[in-house]
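**Q** Next comes the sequence, and after it the predicted model I'd like to discuss.
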Amino acid sequence: MTDQQKHDVYEPPKVWTPTASGGNFANINRPVAGATHEQELPVGKHPLQLYSLATPNGVKVTILLEELLALGHSGAEYDAWLIKINEGAQFSSGFVAANPNSKIPALVDRSGDKPLRVFESGSILVYLAEKFGAFLPKHIAARTETMNWLFWQMGSAPFVGGGFGHFYAYAPEKYEYPINRYAMETKRQLDVLDRQLAEHRYVAGDEYTIADMAIWPWYGQLVQGHLYNAGEFLSVHEYKHVRRWADEIAARPAVIRGRKVNRVFGKPEDQVPERHDASDLG
């Protein structure tokens, strides 16, 4: 170890105190919850009100809503409002009332006697699938397998996003240890998925389900090169079964539409910052 490396070794203090970390989103990171300002959420004409951004977690929900509409479930019409997380919009009093964890997406269903809030992307997927009776098998074995993979994604993706994605793409400085740590775990997860898809058309079997809709925005977009520009670094060509599945999902018309909603980055033709009617998607 060089003298410079010795100098750079971090010794944790006995009591941690917040410090400026720099990097993307540093201006909105804080160690406490709750609202920072008063602002009510807008409400549109449809019973389903979505407050989101086209991150992988946000895309899960808009894909499902567009898939439900494609099946003819007119009750799945929705308003999608843009939440600019880089500006701290998720800390408004209205958003915190919809999701006390201040993370997108948040859904408010106003079709009943009282508005019903649904937060956490996996919970929203299950709620909508059960509400409309679609994309979640009724048979106990198939339903359980779908839920297995849905919860696998919910538990695993933070290593890909908050771990690998943060240190590889967003951190103000590149450090070998965390990048290696999270790259190894990301590749292990891709291998888990590749082995499953080697034996099945879709993640949970032969039926397209909310498990696919949850997993594709993370792992599908990763192997297609849409996340972190890390395809070459992670050698995603090795996961041929994931790539086959990712390409098939990406070609679905509802997925193409769902990816555009609440999107404010990428190609202009792929951006629909807010969605209040099917015609908004062209």
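**A** Good, I have the coordinates. Because the structure is a prediction, the values reported are computed rather than measured.
**Q** List the contacts of residue 94.
**A** The contact partners of residue 94, by C-beta atoms under 8 Å, 6 or more residues apart in numbering, come to 39, 40, 41. (Each C-beta comes from the backbone N, C-alpha and C, glycine too.)
**Q** Pretty sure it sits in a helix.
**A** Yes - checked against DSSP: H, G, I helix; E, B strand; the rest coil, residue 94 lies within a helix.
**Q** looking at this protein, which helix or strand does the model trust least?
**A** helix 3-8 (a mean of 54; mean pLDDT, DSSP states H and E).
**Q** now for whichever helix or strand comes after it, which elements pack on it?
**A** With elements assigned by DSSP states H and E, the helix or strand that comes after helix 3-8 is strand 48-52. With contacts defined as 3 or more C-beta pairs under 8 Å, 6 or more residues apart in numbering; DSSP states H and E, strand 48-52 has these neighbours: helix 56-70, strand 78-82, strand 106-109.
**Q** Of these, which is nearest residue 275?
**A** In terms of C-beta to C-beta, the element of the helices and strands packed on strand 48-52 nearest to residue 275 is strand 78-82, at 4.1 Å.
**Q** Export only the CA atoms of the closest one, formatted as PDB.
**A** Below are the C-alpha coordinates for strand 78-82, written out as PDB (Å, rounded to 0.1, in the frame of the first residue of the first chain):
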ATOM      1  CA  TYR A  78     -54.900   6.500 -15.800                       C
ATOM      2  CA  ASP A  79     -53.300   9.900 -15.400                       C
ATOM      3  CA  ALA A  80     -49.500   9.800 -15.000                       C
ATOM      4  CA  TRP A  81     -48.000  12.900 -13.400                       C
ATOM      5  CA  LEU A  82     -44.300  13.600 -13.600                       C
END
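**Q** Quick one: residues contacting the residue nearest the centre of the chain.
**A** Residue closest to the average C-alpha location in the chain (C-alpha atoms, centre = their mean): residue 57, at 1.4 Å. Counting by C-beta under 8 Å, 6+ apart, residue 57 makes contact with 103, 104, 105, 121, 157, 217.
**Q** hmm, back to that, identify whichever of the helices and strands packed on strand 48-52 lies nearest to residue 99.
**A** Nearest to residue 99 among these is strand 106-109; the distance by C-beta to C-beta comes to 4.0 Å.
**Q** Now the next helix or strand after that closest one: buried residues?
**A** On the C-terminal side of strand 106-109, the nearest following helix or strand under DSSP H and E is strand 116-119. Applying a neighbour-count criterion of 16 or more other C-beta atoms under 10 Å, one finds 118, 119 buried in strand 116-119.
**Q** again, but for stretch 103-118
**A** For stretch 103-118, the neighbour count (16+ other C-beta under 10 Å) marks 103, 104, 105, 106, 107, 108, 109, 118 as buried.
**Q** residue contacts, the fifth one?
**A** Residue 107 makes contact with 48, 49, 50, 51, 61, 98, 117, 118, 119, 124, 127, 128, according to C-beta under 8 Å, 6+ apart.
**Q** Which of those residues has the largest number of neighbours?
**A** Within these, most neighbours by other C-beta atoms under 10 Å means residue 61, with 30 neighbours.
**Q** What pLDDT is listed against it?
**A** At residue 61, the model reports a pLDDT of 98.
**Q** And residue 64, by the same measure?
**A** So residue 64 comes in at 99 (pLDDT).
**Q** What of residue 282?
**A** So residue 282 comes in at 82 (pLDDT).
**Q** Can you tell me how far it is from residue 135?
**A** In this view, residue 282 and residue 135 are 24 Å apart by C-beta to C-beta, to the nearest Å.
**Q** just to revisit the earlier point, in the buried residues of stretch 103-118, find the pair that's most separated.
**A** In the buried residues of stretch 103-118, two members sit farther apart than any others by C-beta to C-beta. They are 103 and 109, at 18.3 Å.
**Q** what's the single longest helix in the protein?
**A** Among the segments of the chain that qualify as a helix by DSSP state H, the longest is helix 176-197.
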